[in-house]
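> Predicted coordinates and the sequence they were generated for:
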Amino acid sequence: MRLYVILLILMGTLFGVALMIGPAGIAPLDSLRALIFGGDGPMTLVMREIRLPRALLALMIGAALGMSGAAMQGYLRNPLADPGLIGVSGSAALGAVIAIQTGIAATTTLALPVSALVGALVGVVLVLMLAGPRGGSLTLILAGIAISALAGALTSLVLNLSPNPFAANDIVFWMMGSLADRSMTHVWLVLPLIVVGLGMLALMRRGLDALTLGEDAAQAMGINLAQLRLLLVLGTACVVGASTAVAGAIGFIGLVVPHMLRGWVGARPGRLLWASALGGAVMLLAADIAVRVILPMRDLKLGVVTALVGAPLFLHLIYRTRRGL
Amino acid sequence: MPRGVAPFMSGSMHSSRSALGLVLSGVLVCSAPVLAPVMARAEMPARVVSMNLCTDQLAMMLAAPGQLRSVSFLASDPRSSAMAEEAASYPANRGQAEEIYLMQPDLVVAGAYTSRATVALLQRLGVQVEIFAPVTALDDVPAQITRMGDVLGQQDKAAQIIATYEADLKAFQQESGRSPTAVLYEANGYTSGAQSLSGQILATAGFTNLANEAAYAWGANMPLEVLVMKAPEAVITSRSYPGGSRAEDILSHPALRATQDRRAEGSVSDSDWVCGTPYVLRAVAQMVSLRHTLTNGED
């Protein structure tokens, strides 16, 4: 319980800081006043239409990526699972890019996130099929590398074939992720899918705890493994698809956060779910603040910061689990 | 023959800098009348190929029929070229040394940012390449036209176009009235300041460009927040390309739409803004009419 309180306080603080940081250089108190009480000036516009959606998206997407990482690691009983690393985010980006370049995204608002969701679904199903039911570390990572590479190549191909001269530059965005200049439209676009996805993943709580005793024991305790797997697949596809559709593929959050919080929840994967959601929100808010502090006038990609934190940890985890490989 | 003359001339100019300079320059002066008819032919290249969107348009304007053999593929794209229709009747090139060389040009005109490797290779193969720097001021347009007229041997035509251009430009410079504020805004939030051609078009049309900090003089990315805080009356965006991109999403951001005067919505910069040709005056005229819309009823 204390962990949740600490994480909530951290999240709230960072949310406030995220609202107060930006290239426009508005005084903190003025910015909060403009946000809450409004007014006619441009400051209200900056706060309500630019900074608020950015902070809200960081919170929602961070929570989504954190919880999906925890769910995946719990289900596969493998600390290396992360939607970004095993190609689910990459597949979602491919789905989003196809929707934009074929023009489907322009026809209906929901086409973009749904197409990204389908991409994520294909990615996660492929990974689970290739890695097998036990999700051995080696097969999981190899399958992830293959799917990431394929999805990345196809994304680049689609963007290079586009008649739009800026599309090829977008490759960086789809691979590294960014929250720059998103609007409330994007918040409303992803909110329903993220809520539904988080709901599905949260339902896995009891199942994941039981699974720590092994599959047979879990089944004996009345856990329906097929149903658990379905929740994981659909829940991950929902949250990763929606997140990637508006923010690109942001890696390592689903890897770092559960790893850091595991000790705090007594290594119970069920309890880790919501803790990782809060932790993910904290990490993405912090990363998005960092990119704006490091290069305020330019759009440094989020993946740069998350990878700088996440990749060394990933190496450490590989080193620790190499006996299992 | 042009091919023969070029080395001879450069050779004599090179040695005039040597110790024998005095003697040789005497020879040069004496032989000048003999050289004159040959040089006149050298000034009128018969097979010209252009490799850059802006030199394409200048060359199409000035070249005699049959003189210009090929223009770049961008010249026939109406989104970037003001002379797309004219360009359709020329074979297009993609600026690769191989295809250019096989066209056997005796003159290639290229932009300063045309691939240096390609230009260097063509020069090594003995092709004469004239490089045109991009124009960043309305006052530099005549010089550019003059130079293209010189290299193509079409001085009279160039002088004619310049006279019209200068008269039209003067007419715009006499415009008066209130200066509404504006910002140019393109994909990725790119904006242009006073040292850029687009910035000058805007200023000549009587707008106050709010991207006036030194950092934006030649052009730089301006975060959307900064733009909104400046609260310009008009935001002149670039025309969207088909297919969609994340880079262009910023141009349809609700905060951008909310910040500007309703009457300035949908004002875009297009092919007339890209190159230092007389078409820039069409862009100025377009901006002047926007300014009149914005200041209508105030005077």
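Perfect, I can see it now. Computed from a prediction, not measured in an experiment: that's the story for all the values here.
> Where does the residue nearest to the spatial centre of chain A sit, in terms of helix or strand?
Central residue of chain A (CA atoms, centre = their mean): A:Leu65, 2.8 Å from the mean position. According to DSSP states H and E, A:Leu65 maps onto helix A:52-76.
> Report whether that helix contacts chain B.
No - counting by CB under 8 Å from any CB of the partner chain, chain B has no neighbours in helix A:52-76; the shortest distance is 9.4 Å. Using the backbone N, CA and C atoms, a C-beta is placed for each residue, glycine as well.
> immediately after that helix, which helix or strand?
Counting by DSSP H and E, the element after helix A:52-76 in chain order, helix or strand, is helix A:88-102.
> in the helix or strand that that following helix is followed by, what counts as buried?
Moving toward the C-terminus from helix A:88-102, the next helix or strand (DSSP H and E) is helix A:104-107. Using 16 or more other CB atoms under 10 Å in any protein chain shown as the test for burial, helix A:104-107 gives A:Ala105.
> ok, back up a step: please list all residues in contact with the residue nearest to the centre of chain A.
Contact criterion CB atoms under 8 Å, 6 or more residues apart in numbering or on different chains gives A:83-84, A:239-240, A:243, A:250, A:253-254, A:280, A:284 as the residues in contact with A:Leu65.
> Tell me the buried residues in the helix holding A:Leu65?
When burial is assessed from 16+ other CB under 10 Å, helix A:52-76 yields the following buried residues: A:52-76.
> do stretch A:236-253 as well
Judged by neighbour count using 16+ other CB under 10 Å, the buried positions of stretch A:236-253 are A:236-253.
> Could you list which of these also contact chain B?
Of the entries in these, those that also sit close to chain B under the rule CB under 8 Å from any CB are A:Gly248.
> Quick check, pLDDT for the nearest residue to B:Thr295 once chain neighbours are set aside.
For B:Thr295, the nearest residue in space outside its immediate sequence neighbours is B:Arg178; the separation is 5.0 Å by CB to CB, 6 or more residues apart in numbering or on different chains. Looking at B:Arg178, its pLDDT reads 90.
> secondary structure element for B:Arg178?
Here B:Arg178, judged by DSSP H and E, is contained in no helix and no strand.
> Around it, how many other residues sit close by?
Other residues near B:Arg178 come to 11 when the count uses other CB atoms under 10 Å in any protein chain shown.
> Could you do A:Gly16 as well?
A:Gly16 has 15 neighbouring residues, counting by other CB under 10 Å.
> Now do it against A:Arg182, distance only.
According to CB to CB, to the nearest Å, A:Gly16 stands 19 Å off from A:Arg182.
> Check A:Leu230 too.
Spatial separation of A:Leu230 from A:Arg182 under the definition CB to CB is 31 Å.
> which one of those two has more residues nearby?
Neighbours around A:Leu230 and A:Arg182, counted as other CB under 10 Å, are more numerous at A:Arg182. The numbers are 22 against 12.
> Assign that one to helix, strand or coil.
In terms of secondary structure, A:Arg182 is coil; the call rests on DSSP: H, G, I helix; E, B strand; the rest coil.
> which stretches of chain A have low pLDDT?
Counting by pLDDT under 70, chain A shows low-confidence ranges at A:133-135, A:323-325.
> who in it is up against chain B?
Of all the residues in chain A, those in contact range of chain B (CB under 8 Å from any CB) are A:22-24, A:26, A:41-43, A:45-46, A:49-51, A:100-101, A:103, A:105-106, A:162-167, A:169-170, A:173-174, A:180-181, A:183-185, A:248, A:296-299.
> Which of these are buried, as a ChimeraX select command?
For anyone working in ChimeraX, the buried entries among the residues of chain A next to chain B, judged by 16+ other CB under 10 Å, can be selected with:
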select /A:22,23,24,26,42,43,45,46,49,50,51,100,101,105,162,164,166,167,170,173,174,180,181,183,184,248,296,299
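> Can you show me the strands along chain B?
Applying DSSP state E to chain B gives strands spanning B:48-50, B:68-72, B:92-93, B:107-111, B:129-132, B:181-185, B:190-191, B:208-209, B:220-221, B:234-238, B:268-269.
> Tell me the strands beside the last one, with direction?
Here the strand partners of strand B:268-269, with direction, are listed using DSSP bridges: strand B:234-238 (parallel).
> Test my guess that B:Asp249 contacts A:Thr185.
No - shown here, B:Asp249 and A:Thr185 do not form a contact pair, counting by CB atoms under 8 Å, at 10.2 Å.
> all helices for the stretch 101-250 of chain B, in order.
Using DSSP state H, counting those that start in this stretch, the helices of the stretch 101-250 of chain B run over B:116-124, B:141-152, B:155-173, B:197-204, B:224-230, B:246-249.
> Perfect, that will be all.
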